[in-house]
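Trainee: Model the structure of this input:
(2 chains)
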Amino acid sequence: TQLLEQSPQFLSIQEGENLTVYCNSSSVFSSLQWYRQEPGEGPVLLVTVVTGGEVKKLKRLTFQFGDARKDSSLHITAAQPGDTGLYLCAGAISSGSARQLTFGSGTQLTVLP
Amino acid sequence: EADIYQTPRYLVIGTGKKITLECSQTMGHDKMYWYQQDPGMELHLIHYSYGVNSTEKGDLSSESTVSRIRTEHFPLTLESARPSHTSQYLCASSVGGFLSGGYTFGSGTRLTVV
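Mentor: Residues are numbered from 1 along each chain as shown, chains lettered A, B, ... in the order given. This next block holds a predicted model:
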């Protein structure tokens, strides 16, 4: 199983600030997904990136897949309290088998009003 | 509006008891998964199923068992619960593999074995 490291592990910021969280691996992934998990709930898919260098935007969230497909970042502009949650990245190799899917341990984001 | 349901949401049970965690989905997804999640740790795959009568063990060694008799139902059973089984259990489903779209997760069952 490939290891996905997420950083920072915890992040607490004020409303209106910008932030970036990272997802890194020594392995190459064919695609990568970001999920957000709120307390007491399961993760919810935010985005899937499949091409090296790909950038996707979802309102104030910008996702980038590294050129070498070993890393990804999530940038949030003007964070709001509603962005609070655990952000998980998950990568898969090309086989698409469930056994080949790796989740990171997450970044716990708290946005203070 | 949840399309995948897990019950119970919370369960506190004594050591040695047999328990079944329920998971049902209404989306007709062929693929279903059970993950274990501890605080600050990544999700670990413990079982998965690609269709009726098809089940496989995941990467994390688990003393639990699963069954898939109907497409929509994927229960997980612990024959004899132990404190080491205390964790959050997440059920998920997908219409295809990871590359075909994301997983839809249930809200989880928080299990505490005392």
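Trainee: now stretch A:80-98: mean pLDDT?
Mentor: On average, the pLDDT along stretch A:80-98 is 84.
Trainee: Equivalent analysis for stretch B:25-44, please.
Mentor: 89.
Trainee: Please name the bridge partners of the residue nearest to the spatial centre of chain B.
Mentor: Closest residue to the average C-alpha location of chain B: B:Trp34 at 3.1 Å, with Cα atoms, centre = their mean. Counting by DSSP bridges, B:Trp34 is bridged to B:His47, B:Cys91.
Trainee: any low-confidence regions in chain B?
Mentor: Counting by pLDDT under 70, the low-confidence segments of chain B come to B:1-2, B:96-101.
Trainee: What's the end-to-end length of stretch B:37-55?
Mentor: Distance across stretch B:37-55, first residue to last, is 20 Å (Cα to Cα, to the nearest Å).
Trainee: List the buried residues in that stretch.
Mentor: B:37, B:42-49, B:55 (16 or more other Cβ atoms under 10 Å in any protein chain shown). Bear in mind the C-beta positions are built from the backbone N, C-alpha and C, glycine included.
Trainee: what about it, distance to the chain center?
Mentor: How far stretch B:37-55 lies from its chain's middle: 6 Å, per Cα atoms, centre = their mean, to the nearest Å.
Trainee: Same question for stretch B:77-96.
Mentor: The answer for stretch B:77-96 is 4 Å, by Cα atoms, centre = their mean.
Trainee: Could you show which parts of chain B are in contact with chain A?
Mentor: By Cβ under 8 Å from any Cβ of the partner chain, the part of chain B that sits against chain A consists of B:4, B:9, B:31, B:33, B:35, B:40-45, B:48, B:50, B:56, B:58-59, B:90-92, B:96-108.
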